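Asker: next come a sequence and a model predicted from it.
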There are 2 protein chains.
Amino acid sequence: MKREQELLVNFLKQKGLKQTGQREKILEVFLANMKHVSADELHAIIRKSDPRIGFSTVYRTLRLLTEAGLAREVNFGDGRARFEKAFDKGQHGHLICTSCGKTEEFVVGAIDKAIKQVSSGVGFKPMGHRLEVYGLCKKCQ
Amino acid sequence: MKREQELLVNFLKQKGLKQTGQREKILEVFLANMKHVSADELHAIIRKSDPRIGFSTVYRTLRLLTEAGLAREVNFGDGRARFEKAFDKGQHGHLICTSCGKTEEFVVGAIDKAIKQVSSGVGFKPMGHRLEVYGLCKKCQ
DNA sequence: ACGTTACTGACATTGAATATCAAATTCAAG
DNA sequence: CTTGAATTTGATATTCAATGTCAGTAACGT
């Protein structure tokens, strides 16, 4: 069993929640997918292999995964929440092209350091962050 | 006349748009307000001194101000867009307490530097960014 | 002053996020 | 393996912010 699956099972047990086929399936497809997906998109993908899974369940499970630390919500400014894998993946930022919509991830240690520094200065305890940089990608300039 | 008002007038002229009492009024109230406001909130404030200004106009004017570089959209994770003054104010991040909802601004030069560095590395041209740090404020820990 | 063009504001529409609830499923206890 | 209490599911309804529509109004160049 994958680490992520174990984590979900543990999370469910801790919370007194139940292990269901739908939740397994949704996690599996979510993990197999490379891109950032919205609840809608993930639902569409899952429907192909199992048309009986409803949107509500996908939606709720994504929130569950977020709570469990397996997913993270991101926003690309198009008014719909998207989710990305969060486990075994450090915090990172996104470069978002305002012309063609293309997104790219990046990681910079300097940013984490800067956040810690600022936070400790005002007694704030950082738990996570979102950094979105808007601009023009190579092609669109 | 304030710098901001001049900027708006210039922007309107450039775009072939018209100068109206509503737009002046909305900018004035927006500037006088300290906090981050949503279109709804700003509308409510403006209504007190001029009940005839409609929500649509406030909403559209906020987008106009954003386009003109006088306002900037920010997101605090409560599912509603808020706006803050953008002129004469550098890019900054927000510390958002996930317990009490309090927000605090901060500026770190290191972050701008890091963004420039990463961007130039992949040929991306950054135009602006949003950095939101979620965690617990001093009181809520 | 006039005519063209943009603006306004009330209202309608959209669409994502969330709530509701009866039927189905899980799972621990017997 | 059955049973029963508790959670889940999925279809549908609701909410609410964002945006579209459009007839009446106001701005501004001539």
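Answerer: Arrived safely, thanks for sending.
Asker: who touches residue A:90 in this structure?
Answerer: If you count contacts by Cβ atoms under 8 Å, 6 or more residues apart in numbering or on different chains, residue A:90 has them with residue A:107. The way it works is simple: take the backbone N, C-alpha and C, and place the C-beta from them, glycine included.
Asker: tell me the domain boundaries of chain A?
Answerer: Listed by automatic domain parsing, the domain ranges of chain A are A:3-85, A:93-135.
Asker: in chain A, which spans are strands?
Answerer: In chain A, strands defined by DSSP state E lie at A:71-75, A:81-85, A:93-97, A:103-106, A:125-136, listed in chain order.
Asker: now do the third one: distance to the chain's middle.
Answerer: Taking Cα atoms, centre = their mean, to the nearest Å, one finds strand A:93-97 lying 15 Å from the centre of the chain it belongs to.
Asker: give me the nearest residue to the residue of chain A found nearest DNA strand D, chain neighbours excluded.
Answerer: In chain A, the residue that lies nearest DNA strand D is residue A:54 (2.4 Å; Cβ to the nearest atom of the strand). Once its chain neighbours are removed from consideration, residue A:54 has its nearest residue in residue A:43; the separation is 8.0 Å (Cβ to Cβ, 6 or more residues apart in numbering or on different chains).
Asker: quick one: the one you found and residue A:22, what's the gap?
Answerer: Remark: distance between residue A:43 and residue A:22 (Cβ to Cβ, to the nearest Å) = 11 Å.
Asker: how many other residues sit next to the residue lying closest to residue A:141 once chain neighbours are set aside?
Answerer: Taking Cβ to Cβ, 6+ apart as the measure, residue A:141 lies nearest to residue B:125, with 5.5 Å between them; neighbours along the chain are not counted. Neighbour count of residue B:125, defined by other Cβ atoms under 10 Å in any protein chain shown: 14.
Asker: tell me the pLDDT at the residue of chain A closest to DNA strand D?
Answerer: On the pLDDT scale, residue A:54 is placed at 97.
Asker: so what's the residue nearest to residue A:141 up against?
Answerer: Residue B:125 makes contact with A:135-137, A:141, B:119 under the criterion Cβ under 8 Å, 6+ apart.
Asker: ok, now residue A:53?
Answerer: With contact taken as Cβ under 8 Å, 6+ apart, residue A:53 is in contact with A:22, A:25-26, A:43, A:46-47.
Asker: out of these, the closest to residue A:110 would be?
Answerer: The shortest gap between residue A:110 and any of the contacts of residue A:53 belongs to residue A:26, at 35.6 Å (Cβ to Cβ).
Asker: settle this for me: the residue nearest to residue A:54 is touching residue A:52, isn't it.
Answerer: No. With contact defined as Cβ atoms under 8 Å, residue A:43 and residue A:52 do not form a contacting pair (11.8 Å).
Asker: more neighbours, these two?
Answerer: The neighbour comparison of residue A:43 against residue A:52 (other Cβ under 10 Å) goes to residue A:43, with 20 against 8.
Asker: what about the closest residue to residue A:72 other than its chain neighbours, how many neighbours?
Answerer: In this structure, residue A:72 finds its nearest non-sequential neighbour in residue A:86, 3.9 Å apart by Cβ to Cβ, 6+ apart. Under the neighbour criterion other Cβ under 10 Å, residue A:86 is assigned a count of 19.
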